[in-house]
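Peer 1: Here is a sequence together with a model predicted from it:
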Protein chains: 2
Amino acid sequence: MVTRTLTDNQRKVLDFIERYIAIHTVPPKLQEIAEGIGISSRGVAHRYVQALTDAGYVENAGGKHRGIRLLRPNPYRPESTLPLLGRIAAGKPIEAIPGRDEIDLTEFFGSNNFAIQVKGDSMIDAGILDGDTVIIEFRETANDGDIVVALIDESETTLKRFKRSQRGKYIKLIPENAEMEPMVYEAHRIRIQGVLIGQLRKY
Amino acid sequence: MVTRTLTDNQRKVLDFIERYIAIHTVPPKLQEIAEGIGISSRGVAHRYVQALTDAGYVENAGGKHRGIRLLRPNPYRPESTLPLLGRIAAGKPIEAIPGRDEIDLTEFFGSNNFAIQVKGDSMIDAGILDGDTVIIEFRETANDGDIVVALIDESETTLKRFKRSQRGKYIKLIPENAEMEPMVYEAHRIRIQGVLIGQLRKY
DNA sequence: TTATATGAGAACATAATGAGAACTTTCAAG
DNA sequence: CTTGAAAGTTCTCATTATGTTCTCATATAA
């Protein structure tokens, strides 16, 4: 581990490996490295990896597919924040939010989360429109007032606001749509599959 | 529980199992795993499950039908995507979306984008509520129908739907709220600061 | 010239994968 | 409880993909 200086192409390879891992979460194969820097020979790619190994930047599990490991922190962490400029209101310039200049979406990507596309208008008054994507956290329990993905009779799945009644004997699933009525079920007929933690829409 | 690294196909299998459970609420059988990753041999599927067991991702009740249990979430998922399970509708199980199994948010993080928190109810009929965060792409021009951040008289900023009138001489800024009226300005008084490309909300 | 960096690609070792037979166990129907 | 089909398990035998090690060739700078 000598940390000698790298040639341009060695640096290019290191850079490629870092980017690749940032995007794919797994290291690249030699073939991919070769293509990534614009050459055709796995052998040459291997020589570069060997140089990076000697220089102490990476380590290489012998023979294993995708066996390259970075030995230092990867500078290409995936982006999960956006600059948050401030509030926008009707009638005023953008108002800066003091002490908060980025919005962090990492919580959306928690490993217990998944996304579902919403179909129908039953939650329209909560600002959840047909075609929106909602972020759900896997959970088996919910609190009154949560918006949940509920499985009814092990057969139908629906997105509704959750509320217990009669000390937990019944569960009320409330659509957020003035034209629809809440539905009441005996508690054992309902199984919570997850709780709404976020929502997003692309235009 | 050694947490050794997984091969490409092992990751594919882990991913398939996660998805399968999320959709069907029960674990898959080997035959289904095999079909799910495009092979025909139960034996091979079993070998993958065995590898996942050895690596500590999965637990396998010996011999039991559908005996696979997840022990922890798949760490190999890129952080800018979320598994997209399918559509959720009132009255049906989650419906898988063919050919689309992840939602990618990288486009939200483009370097020309920023986020603003919305204040007020002027876009409520478009599903944009007070407190929501909108993703804006910096742009100086907009098309009719876009929702834009507009600067009025270099002093007030607002989020409205954009429409030209009288061959571009006037610009109409339309709130999406039945109780508010569109406003019309001479074109030179309006400067576009960006166009809405996304919206998100945290609960 | 000599040393260094680079690229192609052949040749080989082995990791990873796929098929499927043979056997065992589970599960549900009767 | 019995029984047969379905599901899980354990093999062996191929084949393919990937990593590794070479040699040969070209270019460039000291």
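Peer 2: Structure received. No experiment lies behind these values; they were computed from the predicted model shown.

Peer 1: any idea how far chain B is from the residue of chain A found nearest DNA strand C?
Peer 2: Each residue of chain A has a distance to DNA strand C, by CB to the nearest atom of the strand, and the smallest belongs to A:Gly43, at 2.1 Å. For every residue, glycine as well, the C-beta is placed using N, CA and C. Relative to chain B, A:Gly43 is positioned 22 Å away (CB to the nearest CB, to the nearest Å).

Peer 1: That residue: neighbour count?
Peer 2: The burial metric for A:Gly43, expressed as a neighbour count using other CB atoms under 10 Å in any protein chain shown, is 10.

Peer 1: helix/strand/coil for it?
Peer 2: Assigned by DSSP: H, G, I helix; E, B strand; the rest coil, the conformation of A:Gly43 is helix.

Peer 1: can you pull the contacts of it?
Peer 2: The contact partners of A:Gly43, by CB atoms under 8 Å, 6 or more residues apart in numbering or on different chains, come to none.

Peer 1: redo that, cut-off 10 Å
Peer 2: A:30, A:34 (CB atoms under 10 Å, 6 or more residues apart in numbering or on different chains).

Peer 1: Look up phi and psi at the nearest residue to A:Arg42 once chain neighbours are set aside.
Peer 2: In space, and not counting its chain neighbours, A:Arg42 is closest to A:Leu30: 4.4 Å by CB to CB, 6 or more residues apart in numbering or on different chains. Backbone dihedrals for A:Leu30, given as degrees, to the nearest 10, come out at phi -60, psi -40.

Peer 1: Neighbours of the residue lying closest to A:Ser41 once chain neighbours are set aside, how many?
Peer 2: For A:Ser41, the nearest residue in space outside its immediate sequence neighbours is A:Ala34; the separation is 6.1 Å by CB to CB, 6+ apart. Residues contacting A:Ala34 under the criterion other CB under 10 Å number 21.

Peer 1: for A:Thr133, same thing?
Peer 2: Neighbourhood size, A:Thr133 [other CB under 10 Å]: 19.

Peer 1: what pLDDT does it get?
Peer 2: For A:Thr133, the pLDDT comes out at 85.

Peer 1: now it: how far from chain B?
Peer 2: Relative to chain B, A:Thr133 is positioned 6 Å away (criterion: CB to the nearest CB).

Peer 1: That residue contacts A:Arg201, correct?
Peer 2: Yes: contact between A:Thr133 and A:Arg201 holds when scored by CB atoms under 10 Å: they sit 6.9 Å apart.

Peer 1: Which neighbours do these two have in common?
Peer 2: The contact sets of A:Thr133 and A:Arg201 overlap at A:118, B:200 (CB under 10 Å, 6+ apart).

Peer 1: Going by neighbour count, which residues in stretch A:42-52 are buried?
Peer 2: A:44-45, A:48-49, A:51-52 (16 or more other CB atoms under 10 Å in any protein chain shown).

Peer 1: Taking chain A, what residue is nearest to DNA strand D?
Peer 2: A:Gly43 (2.7 Å).

Peer 1: is stretch A:161-172 anywhere near chain B?
Peer 2: No: in terms of CB under 10 Å from any CB of the partner chain, no part of stretch A:161-172 sits within range of chain B; the closest distance is 11.1 Å.

Peer 1: measure that stretch end to end?
Peer 2: 8 Å (CA to CA, to the nearest Å).

Peer 1: what does stretch A:138-146 give?
Peer 2: Chord length of stretch A:138-146, first to last residue, is 13 Å (CA to CA).

Peer 1: which residues make contact with that stretch from outside it?
Peer 2: The list of residues contacting stretch A:138-146 from outside it, by CB under 10 Å, 6+ apart, reads A:110-114, A:148-150, A:160-165, A:171-172, A:174, A:190-197, B:18, B:21-22, B:73, B:203.

Peer 1: 6 Å instead, please
Peer 2: Counting by CB atoms under 6 Å, 6 or more residues apart in numbering or on different chains, the neighbours of stretch A:138-146 from elsewhere in the structure are A:112, A:148, A:162-164, A:192, A:194-195.

Peer 1: still on that earlier bit, show the pLDDT at the residue of chain A closest to DNA strand C.
Peer 2: pLDDT recorded at A:Gly43 is 91.

Peer 1: Kindly provide the distance from it to A:Gly36.
Peer 2: 15 Å (CB to CB, to the nearest Å).

Peer 1: ok now the strand of greatest length in chain A, how far from the chain's centre?
Peer 2: Ranked by number of residues, the top strand in chain A under DSSP state E is strand A:190-202. Taking CA atoms, centre = their mean, to the nearest Å, one finds the center of strand A:190-202 at 14 Å from the center of the full chain.

Peer 1: Quick check: neighbours of that strand in the sheet, parallel or antiparallel?
Peer 2: Sheet neighbours of strand A:190-202, with direction, are listed as strand A:133-138 (antiparallel), strand A:147-152 (antiparallel), strand B:190-202 (antiparallel) (DSSP bridges).

Peer 1: Point out where chain A drops to low pLDDT.
Peer 2: Per-residue confidence for chain A (pLDDT under 70) gives these ranges: A:1-4, A:74-112, A:154-155.

Peer 1: Show me where it has its strands.
Peer 2: A:58-60, A:68-70, A:81-88, A:102-104, A:113-118, A:133-138, A:147-152, A:156-165, A:170-174, A:183-186, A:190-202.

Peer 1: Tabulate the CA atom coordinates of the longest one in CSV.
Peer 2: What follows is strand A:190-202 as a C-alpha-only set of coordinates in CSV (Å, rounded to 0.1, in the frame of the first residue of the first chain):
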residue,chain,number,x,y,z
ILE,A,190,-58.1,-5.9,8.0
ARG,A,191,-54.4,-6.4,7.7
ILE,A,192,-52.1,-3.4,7.6
GLN,A,193,-49.5,-3.7,4.9
GLY,A,194,-47.8,-0.4,5.3
VAL,A,195,-48.2,3.3,6.2
LEU,A,196,-47.9,6.3,4.0
ILE,A,197,-44.8,8.3,4.6
GLY,A,198,-44.5,10.2,1.4
GLN,A,199,-45.9,11.1,-1.9
LEU,A,200,-44.5,12.2,-5.2
ARG,A,201,-45.6,13.2,-8.6
LYS,A,202,-43.8,13.8,-11.8
